[in-house]
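[1] okay, here's the prediction I keep looking at, along with the sequence it came from:
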Amino acid sequence: MATITLRAIHDGGGFTHSSGISDLQVAFVQGQFVLYAASRADGGLSAFTLGAGRAATLLSEVNSSPATGTYGVTDIEITDIGGVPVVAAAGRYDDEFAYRLIGANGSFGTVATISPIPQSTAAFASIEILKFGSQTYMIAGRDNAQGLAVFSMTSGYGLSQAFTLSDSTAATLANVSDLVTFNTGSAHFVFAASSIEHGVTSMSINSSGALSVVDAIDGMKDYGIYQATQLATAEAGDGDFLLVGASGSGNISVFEIGATGDLSLRDMVWDSLQTRYRNVTALEAFDYNGRAFVLAGGSDGGMTLFELGPNGRLYFIANVVDTYTTTLASVSAIEVAIVGGDIQVFVASAIEPGITQFSIDLGAIGNMVTPSGPSNGAVGSPGDDFLVGSDARNTLWGMNGNDRIVDGGGIDTLYGGLGAETFVFVKDGVYDRVMDYQAGIDRIDLSGFDMVYSIAGLDIDSTVYGARVSIGSDAILLVSLDGQPLTAADFDAASFIF
């Protein structure tokens, strides 16, 4: 069972650039993990050293100046040039671009300003850095402008423009709000979100830095995406996925990334009374033990943890709610570092000074398992497994962990074992069975059913060996672990996830 625990609140003392933090990045530099923070309020940068099982320690800070390129900083990236680690910053209100060198212990060093300054480096709003063989490219979108520019980051801390891509009817590149890159192993892709055009553009990039549009999502026309502002990528099972957070519509969409960069919708989740990501202002994905997890924050004072399945669906795990001392009001940035197996989460706010540090314990995390063989069955481990059914008739065995067991598209039989299970069902119009349901311990996830928001929308009927839960043409037969009948009184809101 996953838990999120407060570890530390970083504010005050020597941490002078704690207000208006716009971005957080973790990098492994000079033999240690370092958290870098950027303040949009004053243009300052801060660095913290990280260690397993402990609070972050402030290492270094630098102020903004006319030569740092960090006025109104909205985005930072950590890379290396000629083996020297550097911070590259997008200064929304700056006409300079500069590299901040990183010293031997991960602290800030000198500034290398680009000279002469290309006009196209002014007012960057979002940047992403991609290594392509021996080449390092920076893709950039400018504030209140259309299109993207690609720069080659050259030795001697130079920057030369390699390619420009204008907005067009085949793309959504006006006022790019976020950028991410993804490498499938055989191809490199760049994804750009537009908050004005409410869409996402998928592009391939070649070894010369040239971008080619391969797909574009019109969020308002086809998907209910309004003001696309946040992007993240993740791998789950055999699938590659792009997550899109929309601040206007308050939803998170999951698109599967095809071999050519084409995008196919797999899931869309909306903020609810159960979750904490209204207006979706921050999105972060991370991998742990071969399984994919997603953190989302918004304007409603908190953060939500999901697991991403190999089917592209998001499954709710837990929430964190803002308190008087934490910095989760209007979340502006979320960053994850896995240090010696310790999952550390850092969260900043657009309106509260400081950084809040959490730790996530995913419990006895087990395997991700899908059906195989002629029986279309799947068997978990003693750990907390994630079992996902197919469209065939499946029998899924969770064994004794706290498992998540996902019904497929056919008539399925699910066994949880003695742990606290979450049984997830899809709308398939057939009869599915849970053969060892534990009332008050196991949960039923019905979030995949439209227009079902509470237990009042369910029909629960007692049977000789348990209960039957009906949702329209779908029915779930729950056989109790002790073989005794269950009534509607044995279920409450905590028994279900909607």
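    Here it is on my side, so go on.
[2] how does the chain divide up, domain by domain?
    In the domain annotation for the chain, the residue ranges read 3-361, 365-497 (automatic domain parsing).
[3] now tabulate the ones you listed in JSON lines and tack on mean pLDDT and mean neighbour count.
    C-beta coordinates here come from the backbone N, C-alpha and C atoms, glycine included. Conversion of these to JSON lines gives the following (pLDDT from 0 to 100; neighbours: other C-beta atoms under 10 Å):
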{"stretch": "domain 3-361", "mean pLDDT": "94", "mean neighbour count": "19"}
{"stretch": "domain 365-497", "mean pLDDT": "92", "mean neighbour count": "18"}
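[4] and for residue 148, nearest residue in space, chain neighbours not counted?
    Beyond its immediate neighbours in the sequence, the residue positioned closest to residue 148 (C-beta to C-beta, 6 or more residues apart in numbering) is residue 165, lying 4.9 Å away.
[5] from memory that neighbour sits against residue 203, does it?
    Yes: Residue 165 is within contact range of residue 203, at 7.3 Å (criterion: C-beta atoms under 8 Å).
[6] which neighbours do those two have in common?
    Common neighbours of residue 165 and residue 203 are listed as 211, 213 (criterion: C-beta atoms under 8 Å, 6 or more residues apart in numbering).
[7] contacts only, for the closest residue to residue 490 other than its chain neighbours.
    If you skip the residues right next to it in sequence, residue 490 has residue 439 as its closest partner in space, 4.6 Å away by C-beta to C-beta, 6+ apart. For residue 439, the contact set (C-beta under 8 Å, 6+ apart) comprises 480, 486, 490-491, 495.
[8] now do 10 Å
    With contacts taken as C-beta atoms under 10 Å, 6 or more residues apart in numbering, residue 439 has the following neighbours: 466-467, 478, 480-482, 484, 486-487, 489-492, 495.
[9] among those residues, name the ones in helices.
    Restricting these to those inside helices, with DSSP state H as the criterion, leaves an empty set.
[10] identify the farthest-apart pair in the residues you listed.
    Every pair in the contacts of residue 439 was compared (C-beta to C-beta); the two farthest apart turn out to be 482 and 492, at 19.2 Å.
[11] and stretch 257-274, end to end?
    Using C-alpha to C-alpha, to the nearest Å, one end of stretch 257-274 lies 29 Å from the other.
[12] got it, and stretch 64-73?
    End-to-end distance of stretch 64-73: 10 Å, with C-alpha to C-alpha as the criterion.
[13] ok, now stretch 291-305?
    By C-alpha to C-alpha, the extent of stretch 291-305 from end to end equals 13 Å.
[14] for that stretch, what is the distance to the chain centroid?
    In terms of C-alpha atoms, centre = their mean, to the nearest Å, the gap separating the centre of stretch 291-305 from the centre of its chain is 8 Å.
[15] next: stretch 233-248.
    Here the centre of stretch 233-248 is set off from its chain's centre by 7 Å, with C-alpha atoms, centre = their mean.
[16] do the same with stretch 491-498
    In this view, stretch 491-498 has its centroid 26 Å away from the chain centroid, taken as C-alpha atoms, centre = their mean.
[17] all good on my end, thank you.
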